[in-house]
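J.: got a sequence here, can you model it:
(chains A and B, ligands or ions: 2)
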Amino acid sequence: MASDPDDMKRRDFMRRSLLTIPAVSLGSSLAFDAYADNGAPALSDYQPMFFEAQEWQFILAATDRLIPRDEHGPGALEAHVPVFIDKELAGGYGRAEDWYMQGPFHVDAPAALGYQLPHTPADIYRLGIAATRRYCQQRFNRDFVTLSHEDQESVLSALEQGRPDFARLGVDDLPSATFFSFLLQNTKEGFLADPIYGGNRHMVGWKMLGFTGARASFREWVDQYDRDYPLGPVSLSGERG
Amino acid sequence: MSITRPDVDVVIIGLGWTGSIMGMELTDAGLNVLALERGGERTKEDFLYPKPADELKYGVRLKMMQRPKQNTVTIRRNAEETAVPQRHWTTFHPGDGVGGAGSHWTGVLYRATPNELALKSFADRTFEPGFLPEDMTIQDYGVTYEELEPHYDFFEKVAGLSGQAGNVQGEIVEGGNPFEGPRQNPFPLPPLPRTLTDTLFTEATQKLGWHPYPYPSANVSGAWTNPYGMQLGPCNFCGFCSNYGCLNYSKASPQTCVLDALKQRENFSYRTNCEVTRIVKSDDGETVTGVRYRDGEGNDVYQPAKMVILASFPLSNVRLLLLSQIGRPYDPVANTGVVGRNFSYQITGSIDMYFKRHQFNPFISAGGSGQVIDDFSPDTFDTAKHGFIGGSYIYTTQGPGGAIGAVKVPPRTPSWGSEWKKNASEHYGHHMMLGTTGTNMSYRDVYLDLDPTYTDPHGDPLLRMTYDWKDNDLRMTQFMAERMREIVAELKPDYHTESFKQVGDHFDPSHYQSTHLTGGAIMGTDPNTSVLNRYLQHWDAHNLFVMGASAFPQNMQHNPTGTVAALTYWSAKHIRERYLDNPGPLMAKEDPANA
Ligand SMILES: Cc1cc2nc3c(=O)[nH]c(=O)nc-3n(C[C@H](O)[C@H](O)[C@H](O)COP(=O)(O)OP(=O)(O)OC[C@H]3O[C@@H](n4cnc5c(N)ncnc54)[C@H](O)[C@@H]3O)c2cc1C
Ligand code: SF4
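T.: Ligands and ions are numbered 1, 2, ... in the order given. Purely as a prediction, here's the structure:
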C-alpha cells in the first residue's frame, strides 16, 4: 500500500505519463479532445471550488482510505474522486437544489422516514469535516491528515458506526454516521460515475468492475451466455478504455 | 397578476400517458383540446445517444423526476405519528415534464385479471364470511375485464407490446401466461431475446411444475408502426432503462408512441411549465368551469373549459381534488367521505443470488426484459389456507445496468477499503435477482389527506400519506419468499441474500419499492364509497373526468399502466359516444344498475 510521500510521487508520475500518451492510441479526434480534457490537470494542480485548503487535505486523505490504491488497481485519488466531490458540492447537489428543505425539521424522526436534517450536502461536509478534525485533535492530538493510515481508518470506522458525538464537538443535528454515509456514497459515485463529472478518471472505476460505460448497445450479446464481454468501456465524451 | 385565457372545449391537466391518450381521443372527436403540463418540454431529442447513458444524472440524482423542492408528499405510518416530508425521493419516483413518468418508466405492460377487477365479488364467493379483516375496504372496480379487453388490446398495439400470449380467445398457449384473462389477439410482437437469467429461471420454475413466461414488455422486440403511425425500433438492451428516457426509440412512451402525432393536430395545443393549482367549481357546484394555473412567469391564470380531464398522476390527482374541494374528503375515524380513501401502494421483496460459475454481463439489460410466473396470483391457488387474500408475481430480470447501483459484495464485507474493492471487482457480473411484486389491499386507516404543516413553495398544503403494511399482505409476501427459496434451491447459487418484510414490520419508505401508487380517487358504482363512477366521471361534477391509477380501489399484483391506459380509452369511449351529445352524469347516483 502506498504511503503518503509515495502518493505525491505517484501523482507527479501520472501527470508526466499523461503528457506523453501518443495520439495514435486514441481513435477518433473526438476521443482525442475528450481525453486531453480529462487528462489535465493532475490532482495536485486542481483548485478546489468548494473546499477550503484544510478541508481539501481531509478529503484527499479520507477518500484515499475509502478506496485505496492497492493490488486490485487504482484508488480514489487516481480516479480524481476528490475533484468529483468538490464539483458536486459546488453545484446544485451541494445546495440541495432539488430537495424539499422547508421546516420544521424533525431530526429525531424514525430513520425509515428518510432524510430529515436541516443541512444541505455542502453543509454536511463543512460541519462534518470540522467536527471530525476536532475529534482527531481530542483523540490523537493531531490532525486527521497527519495520522497513520491505520489511525485514519480507525477514525473512519468510528464515524461509520456513529461513535463520535458531533454535538459535543460543537456541531448540532448531524449524526457522525450521516456525515460518513454522504462521504462514502459520494466517494463511490466519484469512482463510478461518468468521467464528465470529474471523477472516474480514465474510467478506472469501470475497468475495475468490468462495466462498459456508455456503450449502451448489446442486442447481439443478449443470448451469448457466460461469455466475458470483450470490449472496454466508453465514456459520454467518447473516451475509450 | 391574474389573467383569463380564451375558452377551450377541454383542458387536460398533465401530459403523461393518460393526458396524451385523452388528447388523441378528444381531438379525434373534433374538440379543441389544451393540455397544461407542470414540468418542462421534453422531446425525443432529449433522449439522443449518448445523453441518457448517464447513471449519475438520471439513475442517482433522478433528474427526470418531479423535484421534491417544488412538490413532495409527507409520510407517516399511523395517525399517532407526525408525518414528515420526503425531502428527496427514496421510495417512489413521480414523473415531471412532458411525457410524465411515462417517459422514464420501465415498460412492463400488463393487464389486470378478470377477478382482480372484481376483487370484492371474488372474495365474497371464495372466502368464508369473516375471513377478510374487518378494516379491509376492498371493492370492485365497477368495470369488467370483458368491457376493458378491446382497450387493453388497442393500447398494446400503441405500445408495440412484445411477449407471448398465454390465453387467446380462451385457448391456452404454451409458453405464455396461462392465468391471464382471454385476449382477442396475440401480442403485437414476439418476446425480446432471452437472457441468461431468463433461461435459468425458466429451467428452475419448470422443474417446480410452474408456468414461466416472458415479461410482457413495452421495450419492443422488433420494428413496429403503431396505430397512430409512430415508429419504434428493436430494443438493444442498452442497460439504461428504468428511470431513463430511451436512447433508441424502443421504449413505448408518450414521446415515442403518441405525442408527435398529437402535436400535428390543429385542435390540440399544450403549455409547459404551467402548474394547475385549482380546478374551479361552478356557482351551483354541479360542474367545473375550468382551472387556475401558475405559468412559467409566475402569473396566476384562469383557463375556462367546457370539460376538465385530470390526468396528473395519482398523488397530484388526489391533492388537486382536495385543494379544489371537489368531492367530500375521506375521514377514517367517522368513516365518511371519499377523496383520499382506499389509497394503496405495493409490497415487494427480493432475493439476490451469487454464482461464481456464471457471467451475467449485467450491463446487458432492458427494464421490460425478464421471465415471470403467475402461479401464485390471487385466484390461482387456495390463499385462504395460508391466511391471506392476494397474490404476487415472481420474476427475474437481468441487471442492474449502471455501475454505482450495481456493486454487490457478500454479506459481512466491509463497505469500504481494500476488502470492499476486492469483493466489488470479483463479484460484479455474477449476480441474479428474483423479485416479487404483489397485491396491496386497501384498509380503513390507510389514506391520503392534506398535510396540516408542510406546504409547497406557494403555500398550498402538501399531500399527506398515512400508510402501513398490514398482516394480510405481509403473510402474502412471506408465502412468496418461501416459493422463491424453492427456486433458489433449484438454482444452487454459491450464496444468496434476502430482503423480505416480516409480519409485524412497518412501512419503510427509505428504500425504493415501486412507483405504483394507487387509489385515493377510486372508481365504483356507489357515490358513498367512490369518487368516480365506472366511467371515471366525477360523481359530483359531471364535466370532470379523472384518469390514472388513483381510480384503483386496491392495488393489483401486476404493474398498473396497462389498466390505467385501458381505463382511459374506456372513459374516452363513453365521453365520445354518450357524453358529448348529452352532457350530464353517465350514471345515476341513486340506481347504479340503471347506468
Ligand atoms: C421509474 C418508474 C418505473 C415504472 N415502471 C412501470 C412499469 O414497468 N410498468 C407499469 O405499468 N408502470 C410503471 N411505472 C408507472 C407508470 O409510469 C405510471 O403508471 C404512468 O406513467 C401513469 O400515467 P399518468 O398519466 O397517470 O401519469 P404520468 O405519466 O406521470 O403523467 C402525469 C403528468 O402530470 C403532470 N402534473 C402533475 N401535477 C400537475 C399539475 N398540478 N399541473 C399540471 N401538470 C401536472 C406531471 O408533471 C406529469 O407529466 C413506473 C414509474 C416509474 C417512475
Ligand atoms: S433497454 Fe431498450 S427500451 Fe430500455 S432504454 Fe435501452 S434501448 Fe430503450
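J.: the stretch 301-450 of chain B: helices as residue ranges?
T.: Counting by DSSP state H, counting those that start in this stretch, one finds helices in the stretch 301-450 of chain B at the ranges B:314-323, B:417-427.
J.: the first one vs chain A: in contact?
T.: No. Using Cβ under 8 Å from any Cβ of the partner chain, helix B:314-323 stays clear of chain A, with a minimum separation of 13.8 Å. Glycine gets a C-beta too; all of them are placed from N, C-alpha and C.
J.: quick check: buried residues in that helix?
T.: With burial defined by 16 or more other Cβ atoms under 10 Å in any protein chain shown, the residues of helix B:314-323 counted as buried are B:314-323.
J.: next one: the longest one
T.: Buried residues in helix B:417-427, defined by neighbour count with 16+ other Cβ under 10 Å: B:417-418, B:420-425, B:427.
J.: and residue B:448, how far from residue B:550?
T.: 9 Å (Cβ to Cβ, to the nearest Å).
J.: what do the two both touch?
T.: Taking Cβ atoms under 8 Å, 6 or more residues apart in numbering or on different chains as the contact criterion, the common neighbours of residue B:448 and residue B:550 are B:318, B:520.
J.: want to throw the helices of the stretch 301-450 of chain B into TSV with mean pLDDT?
T.: What follows is those, written out as TSV (pLDDT from 0 to 100):
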stretch	mean pLDDT
helix B:314-323	98
helix B:417-427	98
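J.: mind putting the ones you listed in CSV, distance to ligand 1 included?
T.: Supplementary listing: the helices of the stretch 301-450 of chain B in CSV, determined by distance: least, Cβ to the nearest ligand atom, whole Å:
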stretch, distance to ligand 1
helix B:314-323, 3
helix B:417-427, 25
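J.: any chance of these in TSV, plus distance to residue B:434?
T.: Output for the helices of the stretch 301-450 of chain B, formatted as TSV (distance: least, Cβ to Cβ, whole Å):
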stretch	distance to residue B:434
helix B:314-323	28
helix B:417-427	17
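J.: determine whether any part of stretch B:524-541 lies close to ligand 1.
T.: No. Stretch B:524-541 lies out of reach of ligand 1 by Cβ under 6 Å from any ligand atom, never closer than 11.6 Å.
J.: now do the same end-to-end measure for that stretch.
T.: Between the opening and closing residues of stretch B:524-541 lies a distance of 15 Å (Cα to Cα, to the nearest Å).
J.: give the buried residues for it.
T.: Along stretch B:524-541, the positions that meet the burial threshold by neighbour count (16+ other Cβ under 10 Å) are B:524-525, B:527, B:530-541.
J.: swap in stretch B:242-259?
T.: Neighbour-count burial for stretch B:242-259 flags B:242-259 (criterion: 16+ other Cβ under 10 Å).
J.: go on, stretch A:48-58?
T.: A:48, A:50-51, A:55-58.
J.: list just the nearest of these to ligand 2.
T.: For the buried residues of stretch A:48-58, the minimum distance to ligand 2 (Cβ to the nearest ligand atom) is 33.5 Å, reached by residue A:50.
J.: name the SS class of that closest one, please.
T.: When states are read from DSSP: H, G, I helix; E, B strand; the rest coil, the local structure at residue A:50 comes out as coil.
J.: how close does residue B:456 get to chain A?
T.: The gap separating residue B:456 from chain A is 9 Å, by Cβ to the nearest Cβ, to the nearest Å.
J.: secondary structure element holding the closest residue to that residue other than its chain neighbours?
T.: Closest residue in space to residue B:456, ignoring its immediate chain neighbours: residue B:71 at 5.1 Å, by Cβ to Cβ, 6 or more residues apart in numbering or on different chains. Element membership for residue B:71 (DSSP states H and E) is empty, with no helix or strand holding it.
J.: quick revisit: nearest to residue B:303 among the buried residues of stretch A:48-58?
T.: When the buried residues of stretch A:48-58 are ranked by distance to residue B:303 (Cβ to Cβ), residue A:50 comes first, at 43.6 Å.
J.: of the buried residues of stretch B:242-259, which are in range of ligand 2?
T.: If you filter those for contact with ligand 2, counting by Cβ under 6 Å from any ligand atom, you are left with B:244, B:246, B:248, B:250-251.
J.: and the closest residue in space to residue B:316 that isn't next to it in sequence, how many neighbours does it have?
T.: Residue nearest to residue B:316 in three dimensions, not counting chain neighbours: residue B:14, with 7.0 Å by Cβ to Cβ, 6+ apart. A count of neighbours around residue B:14, defined by other Cβ atoms under 10 Å in any protein chain shown, yields 30.
J.: let me see the contact set for residue B:14.
T.: Here residue B:14 is in contact with B:35-38, B:100, B:310-313, B:316 (Cβ under 8 Å, 6+ apart).
J.: of those residues, closest to ligand 1?
T.: Relative to ligand 1, the closest of these is residue B:100; by Cβ to the nearest ligand atom it sits at 2.3 Å.
J.: which residues does the closest one contact?
T.: In this structure, residue B:100 makes contact with B:14-17, B:19, B:254, B:313, judged by Cβ under 8 Å, 6+ apart.
J.: ditto for residue A:109
T.: Residues in contact with residue A:109, defined by Cβ under 8 Å, 6+ apart, are A:116, B:82, B:84.
J.: make CSV from the residues you listed and add pLDDT, distance to ligand 1 and neighbour count to it.
T.: What follows is those, written out as CSV (pLDDT from 0 to 100; distance: Cβ to the nearest ligand atom, whole Å; neighbours: other Cβ atoms under 10 Å in any protein chain shown):
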residue, pLDDT, distance to ligand 1, neighbour count
A:116, 97, 23, 17
B:82, 97, 26, 12
B:84, 98, 22, 23
